[in-house]
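Engineer: Structure for this input, please:
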Amino acid sequence: MSAVESDLRAFIAENFMYGGDAAALPTDRSLIDEGLIDSTGVLELVSFLEEKFGLVIGDEEIVPANLDSIAAIVAFVDGKHARVAA
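Structural biologist: Modelled structure (predicted):
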(Lines give C-alpha, C1' and ligand atoms only; values in the text may rest on other atoms or scores of the structure.)
Protein backbone atom coordinates (compact mmCIF):
# COMPACT_ATOMS: atom_id res chain seq x y z
CA MET A 1 0.00 0.00 0.00
CA SER A 2 1.40 3.38 -1.00
CA ALA A 3 1.75 6.29 1.41
CA VAL A 4 -0.97 8.13 -0.51
CA GLU A 5 -3.39 5.23 -0.10
CA SER A 6 -2.53 4.81 3.57
CA ASP A 7 -3.09 8.52 4.31
CA LEU A 8 -6.30 8.48 2.28
CA ARG A 9 -7.69 5.45 4.11
CA ALA A 10 -6.88 7.08 7.47
CA PHE A 11 -8.70 10.26 6.37
CA ILE A 12 -11.75 8.30 5.20
CA ALA A 13 -11.89 6.29 8.44
CA GLU A 14 -11.63 9.39 10.61
CA ASN A 15 -13.96 11.66 8.68
CA PHE A 16 -16.54 9.42 7.01
CA MET A 17 -16.51 6.11 8.86
CA TYR A 18 -16.19 7.68 12.31
CA GLY A 19 -13.44 5.42 13.51
CA GLY A 20 -14.43 2.48 11.33
CA ASP A 21 -11.92 0.34 9.50
CA ALA A 22 -11.20 1.79 6.07
CA ALA A 23 -8.56 -0.89 5.48
CA ALA A 24 -11.36 -3.29 4.52
CA LEU A 25 -12.72 -1.03 1.78
CA PRO A 26 -12.04 -2.44 -1.69
CA THR A 27 -9.96 0.03 -3.69
CA ASP A 28 -12.40 0.05 -6.60
CA ARG A 29 -15.63 0.49 -4.60
CA SER A 30 -17.52 3.73 -5.21
CA LEU A 31 -17.37 5.91 -2.11
CA ILE A 32 -20.38 7.87 -3.35
CA ASP A 33 -22.53 4.84 -4.26
CA GLU A 34 -21.69 3.24 -0.91
CA GLY A 35 -22.96 6.36 0.84
CA LEU A 36 -19.63 7.08 2.52
CA ILE A 37 -19.31 10.55 1.03
CA ASP A 38 -21.77 13.05 -0.36
CA SER A 39 -21.24 16.36 -2.14
CA THR A 40 -20.04 18.04 1.05
CA GLY A 41 -17.75 15.09 1.69
CA VAL A 42 -16.25 15.49 -1.77
CA LEU A 43 -15.34 19.08 -0.89
CA GLU A 44 -13.77 17.90 2.38
CA LEU A 45 -11.85 15.27 0.44
CA VAL A 46 -10.59 17.85 -2.07
CA SER A 47 -9.47 20.12 0.76
CA PHE A 48 -7.63 17.21 2.40
CA LEU A 49 -5.89 16.25 -0.86
CA GLU A 50 -4.81 19.82 -1.53
CA GLU A 51 -3.46 20.32 1.97
CA LYS A 52 -1.90 16.89 2.56
CA PHE A 53 -0.33 16.41 -0.85
CA GLY A 54 0.30 20.03 -1.89
CA LEU A 55 -2.07 19.87 -4.85
CA VAL A 56 -4.12 22.50 -6.60
CA ILE A 57 -7.33 20.86 -7.80
CA GLY A 58 -9.37 22.76 -10.36
CA ASP A 59 -13.16 22.72 -10.41
CA GLU A 60 -13.06 20.78 -13.69
CA GLU A 61 -11.11 17.99 -11.93
CA ILE A 62 -13.75 17.44 -9.23
CA VAL A 63 -15.47 14.60 -11.06
CA PRO A 64 -16.27 10.98 -10.12
CA ALA A 65 -13.59 9.69 -12.50
CA ASN A 66 -10.99 11.30 -10.20
CA LEU A 67 -12.60 11.04 -6.78
CA ASP A 68 -15.09 8.17 -6.61
CA SER A 69 -12.92 5.32 -5.31
CA ILE A 70 -9.69 4.85 -3.43
CA ALA A 71 -8.00 3.56 -6.59
CA ALA A 72 -9.20 6.57 -8.61
CA ILE A 73 -8.07 9.04 -5.96
CA VAL A 74 -4.62 7.46 -5.62
CA ALA A 75 -4.20 7.47 -9.42
CA PHE A 76 -5.37 11.09 -9.54
CA VAL A 77 -2.92 12.22 -6.82
CA ASP A 78 -0.05 10.25 -8.40
CA GLY A 79 -0.90 11.73 -11.81
CA LYS A 80 -0.97 15.27 -10.44
CA HIS A 81 2.42 14.73 -8.80
CA ALA A 82 3.84 13.30 -12.03
CA ARG A 83 2.64 16.32 -14.04
CA VAL A 84 4.16 18.72 -11.52
CA ALA A 85 7.47 16.84 -11.54
CA ALA A 86 7.67 16.82 -15.35
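Engineer: other SSEs contacting the host helix or strand of E51?
Structural biologist: Under the criterion DSSP states H and E, the helix or strand holding E51 is helix 39-53. In terms of contacts (3 or more Cβ pairs under 8 Å, 6 or more residues apart in numbering; DSSP states H and E), helix 39-53 is packed against helix 3-15, helix 64-67, helix 70-85. The way it works is simple: take the backbone N, C-alpha and C, and place the C-beta from them, glycine included.
Engineer: which residues touch the spatially most central residue of the chain?
Structural biologist: The chain has I73 as the residue nearest its centroid, 4.3 Å off, counting by Cα atoms, centre = their mean. Taking Cβ atoms under 8 Å, 6 or more residues apart in numbering as the criterion, I73 is in contact with 8, 45, 49, 66-67.
Engineer: Then D78?
Structural biologist: Neighbours of D78 in contact, by Cβ under 8 Å, 6+ apart: 2, 4.
Engineer: can you rerun that using 10 Å?
Structural biologist: 2, 4-5, 53 (Cβ atoms under 10 Å, 6 or more residues apart in numbering).
Engineer: ditto for L55
Structural biologist: Contacts of L55 (Cβ under 10 Å, 6+ apart): 46, 48-49, 61, 76-77, 80-81, 84.
Engineer: Check which residues of the lowest-mean-pLDDT helix or strand in the chain are buried.
Structural biologist: Every helix and strand in the chain was compared by mean pLDDT, DSSP states H and E; the lowest is helix 70-85, with a mean of 90. Neighbour counts over helix 70-85 (16 or more other Cβ atoms under 10 Å) mark 70, 72-74, 76-77, 80 as buried.
Engineer: I figured S6 was touching A23, is that so?
Structural biologist: Yes - between S6 and A23 there is a contact under Cβ atoms under 10 Å: 9.2 Å.
Engineer: what angle sits between the helix holding E51 and helix 70-85?
Structural biologist: 40 degrees (axes from the mean of the first three to the mean of the last three Cα atoms, to 10 degrees).
Engineer: buried ones in helix 39-53?
Structural biologist: Going by 16+ other Cβ under 10 Å, helix 39-53 has these buried residues: 41-42, 45-46, 48-49, 53.
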